[in-house]
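K.L.:
A predicted structure for the sequence below; I have some questions about it.
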Amino acid sequence: MKTETSTEMELLPLLCLCLLTRSGITSAQLNGPKNIKVEGGTDVVLPCSLSTKENVELKLFDWRKDAQKDDGLKEVFMYDSGNHYNNGRDGQSEEFKGRVSHFQDELKYGNASIIIRNTKVTDSGEYSCYFPRLRPPQIFYIELVVEPKVITVKEDSDVVLPCSLSTKENITSKQFDWKKVAQKDDCQKDLFYYNGGSNDNKNCFPGQVSHFPDELKHGNTSIIIRNTKVIDRGVYTCDFPNLQPPQKFHIKLVVVGAALKPSLTILDATADSALLQCEVHGNPKPKVELQDSDGNNLNAKVTQDSEREGSFYITLQTTVTKTGTYRCVVTQEEIKHQIYAETSVHISGPKVITVEEGSDVILPFSLSTKKDIPSTEFILKKVSLKTDDGQKVFLYDKCHFYSFECPVVYGLGRNMMFCFLVKGVSTVRRSRVGIRSELDTVLAVIAEVVHEDISEDNALTSTV
């Protein structure tokens with residue numbers, strides 16, 4: 001079974017070749033048309049050579065552009081024993097007249113390549129090079145892609161969009177129309193319309209867009225756009241609808257908006273950490289990194305990554321736990337632009353109070369707002385530095401305070417007695433605790449701790 005399948009696969013190319021030969025044409029390309037990509041306004045060579053290298057000076061070959069959905073078959077260049085479109089032969093399509101030529105000295109080597117000068121986006125399509133009188137006839141295919149000419153400028157600068165007829169004919173009394181092609185986030189826009197200098201002329205952006213009146217007699221319909229913005233980026237067309245044949249030129253404008261210095265702020269800070277945020281926008285899309293003072297990249301969360309009005313907006317956030325200088329670095333590799341902002345962060349950590357065993361200690365708490373807090377709840381906890389767990393030691397809630405080791409609730413009063421337990425205390429004696437409320441300060445007085453085992457990972461701390 002495997003042998004039969006293998007034999008069938010081997011015969012398949014032969015069958016295809018037989019079908020092509022029986023149809024009267026042998027394709028010289030079994031792998032499809034050759035693709036060529038160029039920028040509009042440049043010249044391009046479409047290659048076509050016989051593998052036998054036989055002399056084709058007395059042969060016939062015909063270059064055509066295949067029909068497209070919005071256009072019919074086009075005659076590009078025909079050569080027949082020395083007679084061709086450039087020495088009197090009729091039949092060439094209007095848009096290729098004066099722009100296509102062959103290489104006469106190469107014909108004796110079987111080279112029927114042509115050159116198309118001043119390419120346009122409308123030249124894009126599939127071309128065929130056909131030798132109808134060879135036995136068997138041969139045909140070559142070329143896929144040509146002409147991309148708009150690209151012009152790159154910096155934001156806020158002026159730019160000239162070029163558009164000139166190769167014939168340099170006077171177009172003072174002609175019509176031409178500049179438009180901006182519709183984009184995914186914007187519709188088509190009329191830019192500048194000229195109608196032979198009549199009152200029908202229309203400038204949709206007066207003060208920003210203008211043409212060069214003295215250049216019209218030389219076939220130059222270029223325009224200038226002043227004070228460009230990133231939103232002006234896109235593809236523009238320069239159209240001559242009444243010429244024979246009609247002509248249209250395409251220009252791709254890239255407006256570079258170099259990213260400004262990023263905004264690096266501290267959104268939230270505690271004794272143990274700080275939340276940093278970096279905001280930036282620009283075009284092309286910037287690469288944003290948050291770094292420490294050693295230049296190490298920090299793990300950051302992207303909270304915004306959007307595009308509007310031609311600019312990319314990016315926001316990063318990260319939490320840091322060490323004192324130091326932190327930097328937000330913005331890079332736009334396409335335009336070789338880099339800029340940064342930095343800020344200093346101070347992480348204070350918990351306040352340390354050292355006392356001798358058996359003595360009394362005051363743990364100070366104070367709100368920076370100086371707010372009066374007799375009716376406010378606050379909790380005293382002893383926490384492990386290695387975990388987020390905490391053991392409640394004392395609670396004050398709207399003029400009532402509670403010991404978490406005794407079921408008794410005590411009313412507010414001076415020098416009230418209650419019992420409490422701190423994790424790590426092996427022997428606990430009833431202790432005197434005073435609560436004093438003086439607008440901005442709450443002082444907890446812990447008295448007569450008989451024996452307490454305090455280690456590095458088990459300290460008495462508090463939260464308000």
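P.N.:
Good, I have the coordinates.
K.L.:
now the helices for the protein?
P.N.:
2-22 (DSSP state H).
K.L.:
confidence score at the residue nearest the centre of it?
P.N.:
In the chain, the C-alpha nearest the mean C-alpha coordinate belongs to residue 285, at 3.7 Å (Cα atoms, centre = their mean). pLDDT, residue 285: 89.
K.L.:
now it: closest residue in space, sequence neighbours ignored.
P.N.:
residue 312 (4.2 Å; Cβ to Cβ, 6 or more residues apart in numbering). C-beta here means a position set from N, CA and C on the backbone, and glycine is covered the same way.
K.L.:
hmm, the one you found is touching residue 306, no?
P.N.:
Yes - here residue 312 lies in contact with residue 306, judged by Cβ atoms under 8 Å, at a distance of 7.4 Å.
K.L.:
look at the two and report which has more neighbours.
P.N.:
residue 312 (21 against 10; other Cβ atoms under 10 Å).
K.L.:
give the contact list for the residue nearest to residue 285.
P.N.:
Residues near residue 312 by Cβ atoms under 8 Å, 6 or more residues apart in numbering: 281, 282, 283, 284, 285, 286, 305, 306.
K.L.:
from the residues you listed, pick the one nearest residue 232.
P.N.:
Residue 232 lies nearest to residue 283 out of these, by Cβ to Cβ, at 11.1 Å.
K.L.:
contacts only, for the closest one.
P.N.:
Contacts of residue 283 by Cβ under 8 Å, 6+ apart are 230, 233, 255, 256, 257, 310, 311, 312.
K.L.:
so which of those belong to strands?
P.N.:
Mapping these onto strands (DSSP state E) picks out 255, 256, 311, 312.
K.L.:
tell me the one of the residues you listed nearest residue 72?
P.N.:
Minimum distance to residue 72 across those is 37.5 Å, recorded for residue 255 (Cβ to Cβ).
K.L.:
for residue 208, see how far away that closest one is.
P.N.:
13 Å (Cβ to Cβ, to the nearest Å).
K.L.:
more neighbours: the two, which one.
P.N.:
residue 255 (22 against 16).
K.L.:
is the more buried one in a bridge, and if so with what?
P.N.:
Applying DSSP bridges to residue 255 gives these bridge partners: residue 153.
K.L.:
run a quick neighbour tally on residue 234.
P.N.:
19.
K.L.:
contacts only, for it.
P.N.:
Shown in contact with residue 234 (Cβ under 8 Å, 6+ apart): 180, 181, 183, 186, 252, 253.
K.L.:
switch the cut-off to 10 Å
P.N.:
Residues near residue 234 by Cβ atoms under 10 Å, 6 or more residues apart in numbering: 148, 180-183, 186, 188-189, 251-255, 310.
K.L.:
which of the residues you listed has the most neighbours?
P.N.:
Neighbour count (other Cβ under 10 Å) singles out residue 251 as the most crowded of the contacts of residue 234, with 25 neighbours.
K.L.:
quick check: bridge partners of residue 129?
P.N.:
Applying DSSP bridges, one finds that residue 129 bridges with residue 63, residue 140.
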